[in-house]
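A.B. asks: got a sequence here, can you model it:
(one chain, ligands or ions: 2)
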Amino acid sequence: MKDSEVELLKAIALDPVLFVRSIIGVEPEQWQCDALYAVRDNDRVAIRSGHGIGKTAFLSWLILWWLLTRTPSRVACTANTASQLSDILWAEVAKWHRRLPEGFRNLLDVKSDKIEFIGGDSFAVARTARRETPEALQGFHSPNMLFLIDEASGVDDLIFEVGEGAMSTKGAKTVMTGNPTRTSGYFYEAFNKMAERWSTMKVASSDSTQVSDGFIEDMKLKYGDESNIFRVRVLGEWPEADDDVVIPMHLAEAAVRREQEAAETTPVVWGLDVARFGSDKTALCKRKGNVVTEPIKTWRNKDLMEVCGIILNEYETTSWSDRPVEILVDSIGLGAGVVDRLIELDLPCRGINVAESSSMSDKYSRLRDELWFAAKEWLEDRDCSLPDDEELVSDLCKPRFKFTSNGKLKVESKDEMKRRGLNSPDVADALCLTFGSRASLAKSGSRYRWNSTLDYDSSGWIV
Ligand SMILES: Nc1ncnc2c1ncn2[C@@H]1O[C@H](COP(=O)(O)OP(=O)(O)OP(=O)(O)O)[C@@H](O)[C@H]1O
Ligand SMILES: [Mg+2]
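C.D. replies: Ligands and ions are numbered 1, 2, ... in the order given. Here you go, the predicted model:
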């Protein structure tokens, strides 16, 4: 190796920004420069941020820098879901690996779950952080150890507890990045109780040129700059106190990122919230046990007959095996007409008057309160999955609750929410309606039992 090459290698080993600029050939954002130096100079770095600022790119540059400048070395990467790791982080590593000059590129072999330094004792691996297999960060021994955790807010604390020993080894470095979705857990504490042990950064979406002004404006218009979703996804701020909302944001966010499949035979239930005012939307949610199977569909400015036509068409174009055993419709106002007509059309439709007093429990004021708390329990079971639907998450986290004078739980009404300047949570109401079906309560491995007043055969079809 020429002297000049040895000098270059020494320089890039000490300067990750120089490595990114001169070897990968990309100009890092200012925050990415600060973060790269923070990793060089500290053992523990935690970065909370808004969306799309270049976190995952930054982690992928760290992997390449570490493997190409330290030997022997190990990089252990984990994230909240398998797809975050394989489809996003690993894809990002592959993208920047392709940009390396040939001499450097040929030193690394990027496989689907491992990146190996050819001819040396260095490699990076990706392991999904799962509660059932919490050893994602455990079992690594190397004088040059780098732990990377993407979307750390969504990673179960047990993974960190099990990995703490390895992370505390002398010389090991740990880097956590993520959206600050919850005000508890290991990631949160790195910025609070454990702040002395961590070098921390906060990056708003507006601090990165990778995020378009349009995204920030859209988020502001859609959800308001006071909303939790704006705080978390744009500002990189923790959500405001969760104690008076029915569904805290981290529960909904966790369900979005969870990979879950419903058992083949689980019956499908639809919830239909029919618009009442001009500004409201008609929303249709399709739920198969613990999985909401597709983003919630919405329509504006449709009259009764148009809504019926749309639902009939949805039903007829759904494959036989995915058809709902029940379509639950909020029967207040226009909804009542929709119920009558859908029944007339021979669809398995049932009207639910959410304003009625709660039937099954004296804990709640009305049926609507019971349905919202059923949705909360469903999310708390932590084995359910929601589609990546920003509006659904935002809607679910809107309503607050209080106790009535006779001690019953009452969820904030749509009118009360409108007075707070919030739109009606139509999309979430459609999901809540699906909990009005006895059939929808049937799901394996949970506290709910198959306990229907309708007669179903063993695979969940009405007989
Ligand atoms: N400095 C940069 N120069 C050019 N492209 C960049 C830079 N930083 C990031 N990118 C690219 O911008 C896009 C978004 O970056 P990335 O996925 O890393 O953001 P993120 O913060 O992880 O987003 P999310 O919040 O969705 O997880 C990616 O295509 C990435 O390759
Ligand atoms: Mg990312």
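A.B. asks: okay, CA-based contacts and neighbour counts for the rest of this
C.D. replies: Will do.
A.B. asks: quick check: residues of this protein near ligand 1?
C.D. replies: The chain comes close to ligand 1 at residues V26, E27, P28, E29, H51, G52, I53, G54, K55, T56, A57, Q210, as judged by C-alpha under 6 Å from any ligand atom.
A.B. asks: I figured the fourth one hits V211, correct?
C.D. replies: No. The pair E29 / V211 is not scored as a contact, 11.3 Å apart, by C-alpha atoms under 8 Å.
A.B. asks: quick one: stretch 56-71 to chain centroid distance?
C.D. replies: Its chain's C-alpha centre and that of stretch 56-71 lie 26 Å apart, by C-alpha atoms, centre = their mean, to the nearest Å.
A.B. asks: could you export that stretch as PDB, CA atoms only?
C.D. replies: Taking C-alpha atoms only, stretch 56-71 is exported to PDB below (Å, rounded to 0.1, in the frame of the first residue of the first chain):
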ATOM      1  CA  THR A  56     -31.200   5.500   8.400                       C
ATOM      2  CA  ALA A  57     -28.700   6.800   5.900                       C
ATOM      3  CA  PHE A  58     -26.600   8.000   8.800                       C
ATOM      4  CA  LEU A  59     -26.700   4.600  10.400                       C
ATOM      5  CA  SER A  60     -25.700   2.900   7.200                       C
ATOM      6  CA  TRP A  61     -22.700   5.200   6.700                       C
ATOM      7  CA  LEU A  62     -21.600   4.300  10.300                       C
ATOM      8  CA  ILE A  63     -21.700   0.600   9.400                       C
ATOM      9  CA  LEU A  64     -19.500   1.100   6.300                       C
ATOM     10  CA  TRP A  65     -17.100   3.500   8.200                       C
ATOM     11  CA  TRP A  66     -16.700   1.100  11.100                       C
ATOM     12  CA  LEU A  67     -16.100  -2.000   9.000                       C
ATOM     13  CA  LEU A  68     -13.700  -0.400   6.600                       C
ATOM     14  CA  THR A  69     -11.600   1.400   9.300                       C
ATOM     15  CA  ARG A  70     -11.500  -1.000  12.300                       C
ATOM     16  CA  THR A  71     -10.400  -4.600  12.400                       C
END
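A.B. asks: list the buried residues for that stretch?
C.D. replies: Residues of stretch 56-71 classed as buried by neighbour count (16 or more other C-alpha atoms under 10 Å): 56-69, 71.
A.B. asks: returning to what we had before: may I ask which of the residues of the chain next to ligand 1 has the most neighbours?
C.D. replies: Among the residues of the chain next to ligand 1, the one with the most neighbours (other C-alpha atoms under 10 Å) is K55, at 25 neighbours.
A.B. asks: that one: what's it in contact with?
C.D. replies: T177, G178 (C-alpha atoms under 8 Å, 6 or more residues apart in numbering).
A.B. asks: recalculate using a threshold of 10 Å.
C.D. replies: The contact partners of K55, by C-alpha atoms under 10 Å, 6 or more residues apart in numbering, come to 31-32, 35, 47-49, 61, 89, 150-151, 176-179, 203.
A.B. asks: hang on, V256 packs against S394?
C.D. replies: No. In this structure V256 lies outside contact range of S394 using C-alpha atoms under 10 Å: 11.9 Å.
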